[in-house]
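> Sequence and predicted model, in that order:
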Amino acid sequence: MSEVSTELIKEAVYNLCFEANTCLDKRIYDKIYGVYTSKTCIYKDIASDILKNAQIAYETKLPLCQDTGMVIVFLEIGQEVKLQGEYIENAVNSAVEKCYRDNCFRKSIVKNAVFDRTNTQTNTPIIIHTKIVRGDEVKIGVLIKGAGSENKTKLTMLLPTANEEEIIKTCADMVISSGENSCPPLFIGIGAGSSADNALIMSKEALLSDDFTEKEISFAEKIKNYINSKSPKKYGNQYVLDVKLKTSSAHIACLPVAVTINCHSYRISKCSISKNTIKYEHQTPEFIEMPAGSEKIKEVFTDDIEAIRNLKEGEKILLTGEIYVARDMAHKKLAELIEQNKPLPVEIQDKIIFYAGPCPAPDGCVIGSIGPTTAGRMDKYAVKLYEMGLLATIGKGGRSIETEKIIQKNTGKYFTLTGGIAALLAQKVKKSEIIAFDDLGAEAVYKIYIEKFPLTVEIA
């Protein structure tokens, strides 16, 4: 019988959360660097920014992405292990709460999905999957899951007679439909078999695993190659960098297939505990200095309204000046004020809104990690705001047809930028203050001053 203290488990989970959020594992960094240096890469600017962001996050200890996400913990507890101390689920939750508080990571968990969407301000409760296995050690895997990619998770129940070709095509359709909202290049976990609920868990487990059969590895490679042959032109054949597949037994009439999509900020960290000693598996990259962009891009200022209105679709710019930051709940509150004919706390005419929810600012920093959230979620509010004179919005992903028409009708703009480069973008924010709805925390309205934000005119 091996005794393991839950205090040691608490220490391990704290460190795993910190590592996963601030240091891209070497194996993932190397895959992205391999894309950057390949002759066939057609998105070198995006890959370069991702690599720069990884180095900045590691050196500044800012999160790789502002969405420090849901914490999903996989616990494998050996049957010969005797746990001592605090109840293990309390220990793991308190470790996450302390890590997120100590390191100014964004708290994104609400009390109840349906009845009370008040932020818990602790990023807990977390999700814990526990498995009893043979042996006398505890293994812990941490997966940090942002909402942009999690919202694209998919499950389908195929006919039990489905062949390989049908499974491959189904997986590809589920991945490709996520577009750019999931911040490609992507890493994919697939669970095939078992029950519907367990297939979804398997798909996340796959993202943390290195233990696959030869058949699973070969089939996963076929899925990856097929996806890349059908993927958006912007990413060539490097839209998906890795596919991991877990399969299992199933009912004779069932073939569940679940796909978990993970962005380029592939935030995982693992360890094992044996004889009260922690052994971490995370590997720190050997960072390679990225060259400055060779492309000359014009700088545009937020108070030059005419220059912004004259921008053309597809143009790249560096934006400097004052903008607002607001996302889902802030937009909901603004809409409620508009419906009630009450004054707004912000000026809308000729202003720019950045769809984002930054991390809290650590000591000595203007702001924490900050990056774009999925713009499409704000479409239900965008029509009214553009009609009221809003000049532009900044986000990631596409917009609805209705929103696109309203933007064009009002000579507005919609800008996009690479998602998940939040540590890099934080360095471009020179001033920041909360000006409305401070009770919303990360979803409050900020006024910030940016310098040379790298944007693409998506809709004009």
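Yep, it's here.
> how about the nearest residue to residue 280, chain neighbours excluded?
Distance criterion C-beta to C-beta, 6 or more residues apart in numbering; nearest residue to residue 280, sequence neighbours excluded, is residue 271 at 4.6 Å. Any C-beta I mention is one placed from the backbone N, CA and C, and that applies to glycine too.
> tally of neighbours for the one you found?
Look at residue 271: counted by other C-beta atoms under 10 Å, it has 21 neighbours.
> and the most centrally placed residue in the chain, what are its phi and psi?
Against the mean C-alpha coordinate of the chain, by C-alpha atoms, centre = their mean, the closest residue is residue 146 at 3.7 Å. Phi and psi for residue 146, reported as degrees, to the nearest 10, are phi -80, psi 160.
> Spatially, what comes nearest to it if we skip its sequence neighbours?
If the residues on either side of it in the chain are set aside, residue 146 comes closest to residue 67, at 3.8 Å by C-beta to C-beta, 6+ apart.
> sec struct for the one you found, please.
Judged by DSSP: H, G, I helix; E, B strand; the rest coil, the three-state class of residue 67 is coil.
> didn't it look like it was pressed against residue 372?
No: judged on C-beta atoms under 8 Å, residue 67 makes no contact with residue 372 at a distance of 10.2 Å.
> Distance check, residue 128 against residue 116.
Distance, residue 128 to residue 116, using C-beta to C-beta, to the nearest Å: 21 Å.
> in the stretch 201-350 of the chain, which spans are helices?
Secondary structure of the stretch 201-350 of the chain (DSSP state H, counting those that start in this stretch): helices at 214-230, 305-309, 328-339.
> Revised request: answer the last question for the stretch 351-460 of the chain.
Remark: helices assigned in the stretch 351-460 of the chain by DSSP H, counting those that start in this stretch are 379-387, 401-409, 422-426.
> Could you say which of those is packed most deeply?
Ranked by mean neighbour count under mean count of other C-beta atoms under 10 Å, the helices of the stretch 351-460 of the chain are led by helix 422-426, which reaches a mean of 27.
> who touches that helix?
49, 52-53, 56-57, 60, 62-66, 358-359, 365-371, 417, 453 (C-beta atoms under 8 Å, 6 or more residues apart in numbering).
> show me the contacts for residue 288.
Residue 288 is in contact with 33, 51, counting by C-beta under 8 Å, 6+ apart.
> Quickly list the domain ranges of this protein.
By the record's domain assignment, the chain is partitioned as 1-144+269-290, 147-262, 298-459 (automatic domain parsing).
> what about residue 321, how many neighbours?
Residue 321 has 17 neighbouring residues, counting by other C-beta under 10 Å.
> so residue 371 touches residue 416, yeah?
No: applying C-beta under 8 Å, one finds residue 371 not in contact with residue 416, separated by 11.6 Å.
> Neighbour count: these two, which is higher?
Comparing residue 371 with residue 416 by other C-beta under 10 Å, the one with more neighbours is residue 371, at 32 against 20.
> Quick check: pLDDT value at that one.
Looking at residue 371, its pLDDT reads 96.
> Nearest spatial neighbour of it, chain-adjacent residues omitted?
Using C-beta to C-beta, 6+ apart and skipping residues adjacent in sequence, the residue nearest residue 371 is residue 422, 3.7 Å away.
> Residue 263 versus that neighbour, what's the distance?
For residue 422, the distance to residue 263 (C-beta to C-beta) stands at 11 Å.
> Then residue 53?
Residue 53 is 12 Å from residue 263, where distance means C-beta to C-beta.
> can you list residues touching both of these two?
residue 420.
> Chain neighbours aside, what residue packs nearest to residue 87?
Residue 87 sits nearest to residue 6 (C-beta to C-beta, 6+ apart), 7.5 Å away.
> can you list contacts of the helix or strand harbouring residue 98?
Element membership for residue 98, per DSSP states H and E: helix 88-102. With contact meaning C-beta under 8 Å, 6+ apart, helix 88-102 is reached by 6-7, 9-14, 17-18, 68, 71, 73, 75, 85-86, 105-107, 122-126, 128.
> Since that was my last question, I'll sign off now.
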